[in-house]
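A.B. asks: how would this look folded up:
(one chain, ligands or ions: 1)
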Amino acid sequence: MDRRVGRRLHGLGPAHVARLVPTDALIDALIADLRTLVAFPTVSSRPVTAIAAFLAERFEALGFAIECFDDPTMPGKTNVVCTIGPADSDGLVLSGHMDVVPTEGQPWTGDPFVVRQQHDGRLLGRGTADMKGFLAACLSGLASLDLRRLKRQVILVWTHDEEVGCHGSAHLARTLQALDRRLPSACWIGEPTDFQILRKHAGHVGVEVRLFGRAAHSAYPELGANAVVGASRVVAALDALGRRWATHDSGAGGEPTDQRAGSFAAQGVPLNVGNIHGGTAINIVPDRCTVQLGFRPQPGMGHAALFAELQACLDEVRLPDGSRLESELLRVTPSLLTRAGTDLQGLLARHASTPDVGTAGYATDGGNLVAVGCEPLIFGPGSIKVAHQADEYVAAQALVEAAQQVAAVVTARCL
Ligand SMILES: [Zn+2]
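C.D. replies: Okay, here's the model as predicted:
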């Protein structure tokens with residue numbers, strides 16, 4: 001029996017001490033917390049203040065000190081940081097985002113913000129996999145421990161606006177840097193990976209290209225400069241650049257600055273033209289058109305060099321006479337490359353569904369948290385394959401396992 005995990009959990013008796021046993025009470029608590037978390041409709045366009053207050057209250061009750069980091073430029077948004085244990089003891093960060101992606105236009109078979117339990121144990125609802133299930137698992141997993149005995153610090157980082165560019169973690173990292181504060185190196189981000197450890201991912205850079213032409217009556221196109229036609233040439237040039245970057249036949253951005261990142265060069269830099277907006281009526285020569293695109297630098301590739309290469313490509317585009325363009329970097333989400341063999345990797349490996357340590361196909365808050373000393377690993381319940389879709393789900397069994405893992409990893413590293 002390990003007395004260090006001997007605190008009662010949700011009314012369970014003293015027999016429940018050796019490890020977090022998957023009792024009905026544990027499952028009920030996990031599902032109840034998941035219901036509450038999903039019921040906050042925290043689509044990234046909406047505030048997170050209510051869910052932040054809920055999490056703050058619950059973790060404060062477990063003994064955590066609570067700090068909220070508000071971004072003054074983003075009303076209704078905050079990052080919640082919960083801290084417990086001896087300061088500067090290089091313990092463990094558990095992190096997740098509070099926001100979810102929209103549900104509009106998706107064929108949900110019920111209210112996305114009401115968790116529905118299926119006979120096979122699936123729990124349906126927006127954010128069940130990505131990633132409120134992990135938040136629920138942290139609540140139960142941490143509640144099962146005697147946190148007063150911590151030898152190392154546990155810090156919880158709950159962010160906003162991860163789904164629209166990791167803005168919350170970017171703001172938090174900047175703020176902590178300004179305060180000269182570091183976080184523990186072991187950093188567990190509970191994104192849905194079906195319990196596979198992921199230690200790397202590409203970044204994401206958003207760019208807007210704006211074309212300015214000259215309006216005219218469509219009967220006299222020679223009097224105007226057609227911005228939509230200009231945009232079509234921009235799109236063609238970007239398409240060609242994207243095909244070059246797919247094999248990473250690029251110039252300045254092509255040399256990985258980090259030797260460990262060398263193998264990523266072979267994966268290329270995916271480029272996607274995401275949307276195009278221009279024109280107002282079929283009998284007006286359009287004077288404005290906007291194209292938005294994104295590209296994904298691999299770890300070790302400087303985004304600035306790639307953006308410069310993209311701008312050089314745009315400079316070569318032959319625009320209709322009398323028109324011009326400008327381009328702007330909209331956002332930069334850093335890539336991630338955590339070294340192999342961290343202590344946390346060893347602890348998570350005991351619970352991993354596969355020995356293979358992989359690469360995430362998406363960016364995470366981890367890229368930003370590197371700046372404050374973290375070596376993030378991505379590992380969690382549920383599948384990214386059902387995230388962002390109608391009838392997203394997580395299995396109740398996976399939540400139980402995640403709660404057990406949280407208790408076991410915190411015990412091993414911090415108790
Ligand atoms: Zn996510």
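A.B. asks: ok, which stretches of the stretch 51-200 of the chain are helices?
C.D. replies: Taking DSSP state H, counting those that start in this stretch as the criterion, the stretch 51-200 of the chain contains helices spanning 133-143, 167-178.
A.B. asks: so which of those is the most packed in?
C.D. replies: helix 133-143 (a mean of 27; mean count of other C-beta atoms under 10 Å). The C-beta positions use only the backbone N, C-alpha and C, and glycine is treated the same way.
A.B. asks: what residues does whichever strand or helix holds Q345 touch?
C.D. replies: Per DSSP states H and E: Q345 is located in helix 343-349. Contacts to helix 343-349, defined as C-beta atoms under 8 Å, 6 or more residues apart in numbering, come from residues 92, 186-188, 197, 199, 355, 357, 375, 377, 379, 405, 408-409, 412-413.
A.B. asks: so which helix or strand takes in the residue nearest the centre of the chain?
C.D. replies: Closest to where the C-alpha atoms of the chain average out (C-alpha atoms, centre = their mean) is T364, at 3.4 Å. For T364, there is no helix or strand it lies in under DSSP H and E.
A.B. asks: before we move on, back to that, buried residues, the helix or strand following the helix holding Q345. List them.
C.D. replies: Toward the C-terminus, helix 343-349 is succeeded by strand 358-360 as the next helix or strand (DSSP H and E). For strand 358-360, a neighbour-count test (16 or more other C-beta atoms under 10 Å) marks 359-360 as buried.
A.B. asks: go on, stretch 149-162?
C.D. replies: For stretch 149-162, burial by neighbour count (16+ other C-beta under 10 Å) applies to 150, 152-162.
A.B. asks: and stretch 171-182, what's its mean pLDDT?
C.D. replies: In this model, stretch 171-182 has a mean pLDDT of 98.
A.B. asks: Equivalent analysis for stretch 308-322, please.
C.D. replies: 97.
A.B. asks: Just list the residues touching I51, thanks.
C.D. replies: With contact taken as C-beta under 8 Å, 6+ apart, I51 is in contact with 37, 40, 42, 98.
A.B. asks: Repeat that for R152.
C.D. replies: 85-86, 89-92, 184, 413-414.
A.B. asks: Chain neighbours aside, what residue packs nearest to the residue of the chain found nearest the ion?
C.D. replies: Residue of the chain nearest the ion, by C-beta to the ion: D130 (4.1 Å). Distance criterion C-beta to C-beta, 6 or more residues apart in numbering; nearest residue to D130, sequence neighbours excluded, is A387 at 3.6 Å.
A.B. asks: circling back to that earlier point, my read is that the residue of the chain closest to the ion contacts K385, right?
C.D. replies: No - using C-beta atoms under 8 Å, D130 is not in contact with K385; the gap is 10.6 Å.
A.B. asks: Please say which of the two ends up with more neighbours.
C.D. replies: Using other C-beta atoms under 10 Å as the criterion, D130 and K385 rank with D130 on top: 29 against 11.
A.B. asks: can you count the residues close to the closest residue to D391 other than its chain neighbours?
C.D. replies: Counting by C-beta to C-beta, 6+ apart, D391 lies nearest to L124, which is 5.2 Å off, once chain neighbours are set aside. Using other C-beta under 10 Å, L124 is surrounded by 23 other residues.
A.B. asks: cool, and L377?
C.D. replies: 23.
A.B. asks: how about the residues of this protein that lie near the ion?
C.D. replies: Selection of the chain residues close to the ion by C-beta under 5 Å from the ion yields 130-131, 191.
A.B. asks: between those, which is nearest E57?
C.D. replies: Sorting those by distance to E57 puts M131 at the head of the list, at 20.0 Å, by C-beta to C-beta.
A.B. asks: was I right about that closest one contacting D99?
C.D. replies: No - if you go by C-beta under 8 Å, M131 and D99 don't touch, sitting 9.7 Å apart.
A.B. asks: Look at those two and report which has more neighbours.
C.D. replies: Set side by side, M131 and D99 show more neighbours around M131, with 30 against 25, by other C-beta under 10 Å.
A.B. asks: Enumerate every residue touching that one.
C.D. replies: Contact analysis of M131 by C-beta under 8 Å, 6+ apart lists 96-97, 190-192, 380, 382.
A.B. asks: what two of those are the furthest from one another?
C.D. replies: Comparing all pairs in the contacts of M131 by C-beta to C-beta, the longest separation belongs to H97 and G382, at 13.7 Å.
A.B. asks: ok, H388 - contacts?
C.D. replies: 101, 130.
A.B. asks: For it, give me phi and psi.
C.D. replies: Dihedral pair for H388: phi 70, psi 10, per degrees, to the nearest 10.
A.B. asks: Before we move on, what's the pLDDT of V357?
C.D. replies: V357 is given a pLDDT of 96.
A.B. asks: surely it meets R199?
C.D. replies: Yes - taking contacts as C-beta under 8 Å, V357 lies within contact range of R199: 5.5 Å.
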